[in-house]
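J.: Quick one, structure for this:
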Amino acid sequence: MAEIDQSGGGKKGGKKRSKKASTKIDMTPMVDLGFLLITFFMLTTTLSKPVTMQLNMPDKTDTKETSPVKLSETLTVIPDEKGIYYYQGIPTEAGTKLEKTNYSKDGIRAVLFDFKKRIGNNFTIVIKPSKGAKYKNIVDFLDECAITDNKRYAILEIDPDTEALIKRSGL
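T.: Sure thing, here's the model as predicted:
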């Protein structure tokens, strides 16, 4: 453990000096204790579990007809890296107005709450990510759906009519 050196230094003649004691500390038990503590804490710590969002997908083998969704109860959302576009209606009709907002609480979240207040809980969100959308943009929008408690949404590929609507609007 610890060891004290009692030798008085050199063996020269002459003046007699007082003996100096030098100490040495053996650090081996301290290192062992450190590794034991590290091992203990590694084995007793609970690791964080990944948090995932549940996404229900239809069964591909199911050939049943589904009930049609009313156009007045549908909001089409186009996530993009520059912002988020949304419209209600058919993109080829002249009266369809495309609007742009952002991913903040005053942006798309306010739009979803407003739409929910006007239509009710039974509205469907059609998500059509643009070609410039990142994975993060879609996840951010799905998070907004979870925050606003919207459970009816569908993810589709963007169609040429919707792309043409974006180009026409100039946003």
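J.: For the rest of this, base every contact and every neighbour count on C-alpha atoms.
T.: Noted.
J.: in the sheet, who's paired with the residue nearest to Ile138 when sequence neighbours are not counted?
T.: The spatially closest residue to Ile138, leaving aside those adjacent along the chain, is Pro79, at 6.3 Å (Cα to Cα, 6 or more residues apart in numbering). Following DSSP bridges, Pro79 is listed with bridge partners Ile84.
J.: and the gap between Ile90 and Leu75?
T.: 10 Å (Cα to Cα, to the nearest Å).
J.: cool, and Lys24?
T.: 77 Å.
J.: which of those two has more neighbours?
T.: The neighbour comparison of Lys24 against Leu75 (other Cα atoms under 10 Å) goes to Leu75, with 18 against 11.
J.: wait, is that one part of a strand?
T.: Yes. Assessed by DSSP: H, G, I helix; E, B strand; the rest coil, Leu75 belongs to a strand.
J.: Quick check: it vs Thr162, distance?
T.: 13 Å.
J.: quick one: pLDDT of Ile127?
T.: Ile127 is assigned 89 on the pLDDT scale.
J.: How about the one 5 residues further on?
T.: Residue-level confidence at Gly132 comes out at 84, pLDDT.
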